[in-house]
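# Here you go, sequence then predicted model.
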Amino acid sequence: MEPSKVFAEWTVYASESRFRARKTLLPLTLAERKLIALSGVRRAGKSSLLMHSFQKAESKKAYVNLEDSRLAPDALDKLLEWFGDEGTLFLDEISSIEGWEGWLARVHEMAKGRLKIICSSSRASFIKPAKPLRGRMANVELFPLSFAEFLEFKGITPVHTVAGRGALERMLEEYLIHGGFPEVVLTQNNIEKLTITQEYFSDIVALDVAEASSQNVELAELFGAALLKYPYFSASKFVNTLKSAGYGVAKSSLLSLERCMEEAYLFFFVPIFSFNIADRLQYSRKVYPVDTGFLHAVTGIEDKGRFYETAVFLKLRREKSIDPLIEINYWKSKEGHEVDFVIRKGMEAKQLIQVVYELGEENKSREIRAILKAAKEFGLGKEKDQLIVVTKNHEGTEVVDGCSIHFVMLRDWLLR
């Protein structure tokens with residue numbers, strides 16, 4: 001098929017598509033000066049967001065999904081011949097075309113002010129481009145639905161009554177178990193939800209991890225399942241884990257897979273907070289999937305504590321996408337006390353967050369002891385919201401050893 005017919009076909013498709021709007025918006029006003037770069041895990045809704053923005057754009061415009069197998073390697077130049085150098089182009093999965101970085105830099109330089117380009121990719125490296133594009137891109141990251149978006153998709157408005165809080169808890173349980181991928185959220189049958197989520201995981205591993213890392217798909221899937229099963233990652237320990245499963249794999253191969261998992265937005269790896277480089281290299285990294293639904297669908301995990309901690313991390317990671325200066329670590333003392341999240345800017349800690357599914361007298365003392373030890377080390381606890389414990393069954397503020405600790409329900413914290 002002629003490239004021009006493919007381009008026209010996609011543009012008509014985008015014009016006629018119907019979908020639910022997200023809270024995330026693309027900064028189209030910046031497109032006069034910058035390339036708008038949208039990245040995120042597959043099936044999170046990047047194409048829908050691009051098409052929604054396309055429909056709202058005025059004047060001359062076109063939308064093309066560049067993963068279309070009918071397009072040749074010179075598709076970008078053919079597109080420019082067809083469209084011209086004035087108007088707005090919405091280019092989905094542009095990184096699937098070889099030489100995309102050089103093409104974008106060249107076209108942006110030559111047609112700046114006339115041609116606006118909004119493009120997307122499923123690779124995290126997309127928002128960390130090569131030198132020709134540095135300073136030219138305005139970056140937006142898209143994740144599966146937040147809890148607030150999940151409730152909107154379900155048509156539910158939070159009501160602060162006893163019955164309303166009960167309904168929110170039920171919705172939260174569904175959100176944690178099945179996750180926030182839009183198609184999954186809109187599917188009614190729970191078995192179908194699990195099947196779709198499993199397919200997503202396999203597709204991301206095959207298309208964005210195994211291919212990029214040059215490892216076979218079976219090994220990449222086994223590694224991904226192990227990351228879901230174990231909350232900490234150490235390449236040396238995982239080499240032994242995979243060896244016991246019959247896979248002899250080098251440590252360097254696992255580190256390559258780790259990088260590709262993170263570039264595909266499938267997993268995030270959180271290092272320990274330490275001023276000592278040796279500590280940062282010695283301690284395992286904590287592992288979080290991009291969606292809580294993967295925990296249950298892929299490995300059958302029903303650990304509510306894992307669900308809670310992952311949901312908290314994903315909210316923090318969304319906040320980091322808005323404020324790139326935010327860094328997320330965990331903290332551990334020499335005695336073994338641990339705090340789940342240290343939120344910092346530069347080397348200065350700003351907030352400590354502990355996550356506990358159900359808080360009882362025994363574990364409450366342990367969790368408070370840990371957060372107080374970390375607070376003392378970082379000089380925190382005197383101001384509001386510096387020390388937070390997210391849980392299912394306790395709320396309020398308590399002052400312990402001169403430090404103010406704020407207890408908040410997960411459902412409320414996610415909706416802040």
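Noted; the coordinates are in hand. Just so we're clear, the structure is a prediction, and the values are computed from it rather than from any experiment.

# For the rest of this, base every contact and every neighbour count on C-alpha atoms.
OK.

# was I right about Ser256 contacting Ser213?
Yes: assessed by Cα atoms under 8 Å, Ser256 is found in contact with Ser213 at 6.1 Å.

# more neighbours, the two?
Ser213 (19 against 15; other Cα atoms under 10 Å).

# Spit out the contact partners of that one.
Ser256, Leu257, Cys260 (Cα atoms under 8 Å, 6 or more residues apart in numbering).

# can you pull the pLDDT of the nearest residue to the second one once chain neighbours are set aside?
Spelled out, it's Leu257. Leaving aside its chain neighbours, Leu257 sits nearest to Ser213 (6.0 Å; criterion: Cα to Cα, 6 or more residues apart in numbering). For Ser213, the pLDDT comes out at 82.

# what does Lys334 give?
86.

# Next: Ile301.
86.

# Also Asp279?
What the model reports as pLDDT for Asp279 is 68.

# Repeat that for Val41.
Reported pLDDT for Val41: 95.

# and it, what does it touch?
With Cα under 8 Å, 6+ apart, Val41 has these contacts: Ser122, Arg123, Leu142, Phe143, Pro144, Ala264, Tyr265, Leu266, Val290.

# Please indicate which of the residues you listed are buried?
Ser122, Arg123, Leu142, Phe143, Pro144, Ala264, Tyr265, Leu266, Val290 (16 or more other Cα atoms under 10 Å).

# and the second one, what is it in contact with?
Which is Arg123. Here Arg123 is in contact with Ser39, Gly40, Val41, Asp208, Glu263, Ala264, Tyr265 (criterion: Cα under 8 Å, 6+ apart).

# same question, the last one
Residues touching Val290, when contacts are defined by Cα under 8 Å, 6+ apart, comprise Val41, Phe143, Pro144, Tyr265, Leu266, Phe267, Phe268, Leu314.

# Then the first one?
For Ser122, the contacting residues are Ser39, Gly40, Val41, Arg42, Glu93, Asp208, Ala264, Tyr265, taking Cα under 8 Å, 6+ apart as the criterion.

# farthest-separated two in those?
Glu93 and Tyr265 (14.4 Å; Cα to Cα).

# CSV please, covering the contacts of Ser213 and showing pLDDT, secondary structure and distance to Arg114.
As requested, these are exported to CSV (pLDDT from 0 to 100; DSSP: H, G, I helix; E, B strand; the rest coil; distance: Cα to Cα, whole Å):
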residue, pLDDT, secondary structure, distance to Arg114
Ser256, 88, helix, 40
Leu257, 89, helix, 41
Cys260, 92, helix, 36
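
# Helix, strand or coil: sort out the nearest residue to Gly180 once chain neighbours are set aside for me.
Closest residue to Gly180 apart from its sequence neighbours, by Cα to Cα, 6+ apart: Leu145 at 4.6 Å. Secondary structure assignment for Leu145 (DSSP: H, G, I helix; E, B strand; the rest coil): coil.

# separation between Leu145 and Ser274?
32 Å (Cα to Cα, to the nearest Å).

# What of Arg33?
Taken as Cα to Cα, the span from Arg33 to Ser274 is 39 Å.

# thinking again about what came up before, more neighbours: Leu145 and Ser274, which one.
Leu145 (23 against 16).

# Thought Pro182 was touching the more buried one, still the case?
Yes: between Leu145 and Pro182 there is a contact under Cα under 8 Å: 6.6 Å.

# Quickly list what's touching both of those two.
Common neighbours of Leu145 and Pro182 (Cα under 8 Å, 6+ apart) are Ala44.

# returning to that earlier point: could you work out the most separated pair of the contacts of Val290?
Across the contacts of Val290 (Cα to Cα), the longest gap, 14.1 Å, separates Pro144 and Phe268.

# how about the strands of the chain, start to end?
All strands of the chain, identified by DSSP state E, fall at 35-40, 61-65, 87-92, 115-121, 137-142, 232-233, 267-270, 285-289, 326-332, 338-345, 348-355, 387-391, 396-400, 403-409.

# wait, what's in contact with the residue lying closest to Lys320 once chain neighbours are set aside?
The shortest distance from Lys320 to any non-neighbouring residue, by Cα to Cα, 6+ apart, is to Ile326 (5.4 Å). By Cα under 8 Å, 6+ apart, the contact list for Ile326 reads Lys320, Ile343, Arg344, Lys345, Gly346.

# so how far is Met347 from Ile326?
From Ile326 to Met347 the distance is 10 Å (Cα to Cα).

# Ranking helices and strands of this protein by mean pLDDT, which lands last?
helix 277-282 (a mean of 69; mean pLDDT, DSSP states H and E).

# Got the domain ranges for this protein?
Domains of the chain are assigned by automatic domain parsing as 3-142, 145-269+278-301, 323-416.

# can you list those domains in JSON lines and add distance to Glu309?
Formatted as JSON lines, the domains of the chain follow (distance: least, Cα to Cα, whole Å):
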{"stretch": "domain 3-142", "distance to Glu309": "20"}
{"stretch": "domain 145-269+278-301", "distance to Glu309": "9"}
{"stretch": "domain 323-416", "distance to Glu309": "6"}
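
# Identify whichever of those lies nearest to Phe307.
domain 145-269+278-301 (5.9 Å).

# tell me the pLDDT at Gly246?
Confidence score, pLDDT, at Gly246: 77.

# count of neighbours near it?
For Gly246, using other Cα under 10 Å, the count is 9.

# which residues touch the residue nearest to Lys193 when sequence neighbours are not counted?
Distances taken as Cα to Cα, 6+ apart put Val184 closest to Lys193, at 5.2 Å, once the chain neighbours are dropped. Shown in contact with Val184 (Cα under 8 Å, 6+ apart): His178, Lys193, Ile196, Thr197.
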